[in-house]
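> Dropping the sequence and predicted coords here.
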Amino acid sequence: MKILKSILIASIFFITANSVNAQDAKAKGILDRLSKKTETYKSMSADFDYTMINKSDDINETQSGSLKTKGEKYNLNIAGQNIISDGKTVWTVIEDAEEVQVNMVPEEEEESEDYINPVNILTLWEKGFKYKYNSKSELNGISVDVIDLFPEKADDQSYHTIKLFINQSKMVIEQIIIKGKDGTDFIYRIKSFKADQELAANLFTFKAADYPDFDVIDLR
């Protein structure tokens, strides 16, 4: 499940006001509005670019991905992997290896940085983070509010800051930057986002017949 860690170390894509004594009031107001809007979505569909940058190692790589969610179900495509969940089971289809790994969705108390549920990508700040308003800026001609998230258990994480770029008028996330402790930045740019679409039920189930030559490894 490492791919989920690298994509949503949020994770992409959970802070209660009582968990931190002194939070940034402006940031909290924006995040509360974003959470309230997100809670109304019955389904979500997004296409994004995922860039990994490490200047000291001369790394600058970009890939495209997509995410569809409905309730607790999701279908995530990234880096040659298709990660499918019906809310109870997770199937990770690894194309190059011709392999499928099968896991149970962890209980909330069992979740770690190795597993972040993509369903919660847009409300990742609601648990385990401090937050601070950074600035008002422009991103590709769009006015955005930049809010910094800091993990409360910083020693347990491979990153020190998550930067959210929130569209001021539409109240949606346009970009997420995860700043790693080793100098690696992960940038997620949302190219398209749609809510409350009709999504086919078969998007969220794995069909072995579609992968007849793949090895299925049951890790449950």
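Right, received. Where do you want to start?

> neighbours of residue 104, just the number please.
For residue 104, the neighbour count with other C-beta atoms under 10 Å is 12. The C-beta positions use only the backbone N, C-alpha and C, and glycine is treated the same way.

> before we move on, what about residue 45?
Residue 45 has 18 neighbours, counted by other C-beta under 10 Å.

> quick one: it and residue 70 touch, right?
No - counting by C-beta atoms under 8 Å, residue 45 stays clear of residue 70, with 9.4 Å between them.

> any common contacting residues for the two?
Shared contacts of residue 45 and residue 70 (C-beta atoms under 8 Å, 6 or more residues apart in numbering): residue 199.

> which parts of the longest helix along the chain are buried?
Looking across the chain with DSSP state H, the single longest helix is helix 25-38. Within helix 25-38, the residues that count as buried by 16 or more other C-beta atoms under 10 Å are 27-28, 30-31, 34, 38.

> C-terminal to the helix or strand containing residue 63, which secondary structure element comes first?
Take DSSP states H and E as the rule and residue 63 turns out to sit in strand 59-70. The helix or strand immediately downstream of strand 59-70 is strand 73-78, counting by DSSP H and E.

> That following strand packs against which elements?
Applying 3 or more C-beta pairs under 8 Å, 6 or more residues apart in numbering; DSSP states H and E, one finds that strand 73-78 contacts helix 2-7, strand 59-70, strand 81-85.

> Could you list the buried residues of the strand holding residue 63?
Quick answer for strand 59-70 (16+ other C-beta under 10 Å): 65, 67-70.

> quick one: low-confidence ranges for the protein?
Along the chain, the parts satisfying pLDDT under 70 run over 1-23, 108-124.

> quick one, strands of it?
Using DSSP state E, the strands of the chain run over residues 43-54, 59-70, 73-78, 81-85, 89-94, 99-104, 129-139, 142-151, 159-167, 173-180, 185-195, 215-218.

> Could you dump these into JSON lines and include distance to residue 208?
Listed next are the strands of the chain as JSON lines, based on distance: least, C-beta to C-beta, whole Å:
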{"stretch": "strand 43-54", "distance to residue 208": "25"}
{"stretch": "strand 59-70", "distance to residue 208": "21"}
{"stretch": "strand 73-78", "distance to residue 208": "16"}
{"stretch": "strand 81-85", "distance to residue 208": "12"}
{"stretch": "strand 89-94", "distance to residue 208": "9"}
{"stretch": "strand 99-104", "distance to residue 208": "8"}
{"stretch": "strand 129-139", "distance to residue 208": "39"}
{"stretch": "strand 142-151", "distance to residue 208": "38"}
{"stretch": "strand 159-167", "distance to residue 208": "36"}
{"stretch": "strand 173-180", "distance to residue 208": "34"}
{"stretch": "strand 185-195", "distance to residue 208": "30"}
{"stretch": "strand 215-218", "distance to residue 208": "7"}
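
> wait, which of these is closest to residue 206?
strand 89-94 (3.9 Å; C-beta to C-beta).

> Beta-bridge partners for the closest residue to residue 84 other than its chain neighbours, please?
In this structure, residue 84 finds its nearest non-sequential neighbour in residue 91, 4.7 Å apart by C-beta to C-beta, 6 or more residues apart in numbering. Listed by DSSP bridges, the beta-bridge partners for residue 91 are residue 84, residue 102.
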